[in-house]
Structures are given as structure tokens and as C-alpha cells.
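Colleague: I'd like to go over a predicted model; first the sequence, then the structure.
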Amino acid sequence: MPRRPEDRIEAEVRQSAARSASGFWTRDLGPAHATAAVGGAAVAGWAMEFFLGGRGVTPPGWPTNAIFLGLFAGWLVVLSRRESRIVAWLGGVPFGMACLVAIILLGAIGGVVPQDAAASPPWVRTLGFDHVFSGPPFLLSLLLLMTNLGLATLRKVRALGAKAWFFSLNHAGLWIALAAGIFGAGDITRARTVLIEGQAEAMIVDAKGRHGYLPFGLFLTRFFVEPHPTGPDSQPGAPKQFVAEVVVLHKNQTRENVTIEVNRPLRRDGWTLYLTNYELSESGLTDQCLVEAVSDPWLPAVYAGIFLWLAGAVAMLFRCPFDQPGRRRA
């Protein structure tokens, strides 16, 4: 005969009491277990940092990063279909909060300790405190947060369907932004070039001395520095701003006159060019400038994720008053 609801509740209470009386990980999983798991992942990350010699993690590039992302997303889809207390715990609020706390604490270390400092003490380099944001502890914490967001979103959609669209939109957007930022880091290119008045340049050089070329050329027609006016509150000769007037030489033989300033970069063909500094020529003239070229193919995906995240947040903001007891929906 079918069990009565009272019998089922009593059996669940006995099972919960049995788990509480046994080991730590066999109890009902909660905030303490989340803190222990995320803290253990951070410790494991520091162990990896130690064995790597304090060099951090070199992110893979295309297509390896896309393959890893696809495998990770597929694993989350398969895992979300399992009905177990561990899966529910991984997608729950306590686990997500523990991940956020770990990320905030590691980010605080990265904000206090100078990053990429060659003069850092050996123990700082060994623990990865001089490159926190590329170290295993920070990356593992982000992956755990992505696991939490992915499971929470997939399980919510499967349980409630279209009723959870606003929740899913918010969490999926944040997941997409994190995924593009983490897995796309290996495809970011940062390089520099020197522009000289009256000369065209397309070659760039990265921090490791490797050469490459922009998909367009740059011809510097004029570069000038505007100094601060001399006065009691200003340093004589200090530059107020510097501006580069350039001609963009496209492959289709078209030309485009543009102006690059310190806070107004040039964005063309997937590249962003920042005017960072200038150099004096041998004659003492300011006729050449330094330009940093940055390419991030995954940036549109990051922006799309942020847009979805904000759209979901706005949807939840306007929907919540109608979900309160006693309120009628329009």
C-alpha cells in the first residue's frame, strides 16, 4: 500500500538525522561545506602555483579554448539532469556566495599587491600574489562560480520552464560574460607601435618581442603636445594632453582622417588603438608617439552577456512586485 505523507516525512527526518550524526560531508550540505570546498579549491590552486614556480597559468588560444568551453558547457548540461543533493548544492545560493567571497578576497589581494612587479619578494611571486588574476586560485574560483551559475540556470529552466525566463536571462548573461572573459583571454593581443610624423606604419611588437601587422596602415600627419599653462598650481612644461592626427590606410585603398587622443582611442577592424605616450626625437622635437594596439575577439560576447545580465535584472525588478502574495498580475 502507498506510504502516507506522515510516514514519508518521518523517514526523511530520520535520514537527515543519520547524516548529521555521521561524517562532515555526509550531512546536509550547506554554507560550511561550501566554504570548505571553495577554500580547498583555493589551497589546491596555490599548490599548483607553487609547482608551476610562480608563473601563473598561460591561457590557451583558439581553437583549444573553444573546445574546452564546449566540453565544460556540455558537462554542466549533463550534470544538471542528475537529481542529487550534491548537484543541488553546487547550484545553490550558499555555494555561489562562497565563490563570490573567494573572488572578492583574491581581488582585494590583487588590488593591494602591485601586479607584474619584477622587484616583488620571492614568497610573493611563489604564491602568485603579483599576478593574482592569472593565478590558479582565482581561475578555479571563477570556474566554480560558473559551475554554480550554470547549474542554477539549467535546473531552474527545467523545473519551471518559461516562468523562469527572467531568472535564466540574468544568470545566463553573467555566465556568458564570465565564459568569454575567461576562455577568451588567450586570444587577446596587446602590442605597441611607434608612429613618426611623415611615415606610414603597420607593424606591431608585443611584450615578448614578437612582430605582427595591423590589418591597416597608419600615417602620422601631425603630433602635438599641449602643455599646462604656467601658474602657481601647475607644473611648467607638464603636458596637458597630446594628440595624434593620422590617416588610416585601408586595404581597399581608401583613406580615413582620424584623431587619436589619450582618452579617445581609435577602433577599427577589431582593434583598439590607445595613445599612451610620446618620445622626443634626436633633435628634441615631439614628432613621434607610442600607440598600444589591443585586439580582443571575444569582447562582443562579453558585451552581449552583460546586456543579457542587465536585461534579466530589469525584468526581475519589474516582475517581483507582481509575485508577492496577495498581488494580482496584470
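Modeller: On my side now, so go ahead.
Colleague: please make it C-alpha for all contacts and neighbour counts, starting now.
Modeller: Will do.
Colleague: domains in the chain, as residue ranges please.
Modeller: For the chain, automatic domain parsing gives the domain ranges 16-187, 189-295.
Colleague: for Trp309, which of those domains is the nearest?
Modeller: domain 16-187 (4.1 Å; CA to CA).
Colleague: per-residue confidence averaged over that closest one?
Modeller: In this model, domain 16-187 carries a mean pLDDT of 88.
Colleague: can you redo the domains of the chain as JSON lines with mean neighbour count?
Modeller: Below are the domains of the chain laid out as JSON lines (neighbours: other CA atoms under 10 Å):
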{"stretch": "domain 16-187", "mean neighbour count": "17"}
{"stretch": "domain 189-295", "mean neighbour count": "15"}
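Colleague: which stretch among the ones you listed comes nearest Leu317?
Modeller: domain 16-187 (9.5 Å).
Colleague: ok, back up a step: any idea which of the domains of the chain gets closest to Ala313?
Modeller: domain 16-187 (5.7 Å).
Colleague: hang on, the earlier thing: can you list the domains of the chain in CSV and add distance to Leu308?
Modeller: Shown next, in CSV, are the domains of the chain (distance: least, CA to CA, whole Å):
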stretch, distance to Leu308
domain 16-187, 5
domain 189-295, 22
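Colleague: helix, strand or coil for the residue nearest to Ala185 when sequence neighbours are not counted?
Modeller: Using CA to CA, 6 or more residues apart in numbering and skipping residues adjacent in sequence, the residue nearest Ala185 is Pro59, 6.2 Å away. Classification of Pro59 by DSSP: H, G, I helix; E, B strand; the rest coil places it in coil.
Colleague: isn't Ala34 right up against Leu100?
Modeller: No: with contact defined as CA atoms under 8 Å, Ala34 and Leu100 do not form a contacting pair (11.2 Å).
Colleague: what's the host helix or strand of Pro215 packed up against?
Modeller: Element membership of Pro215 [criterion: DSSP states H and E] is strand 211-227. Strand 211-227 makes packing contacts with strand 189-196, strand 200-206, strand 239-249 when contacts are defined by 3 or more CA pairs under 8 Å, 6 or more residues apart in numbering; DSSP states H and E.
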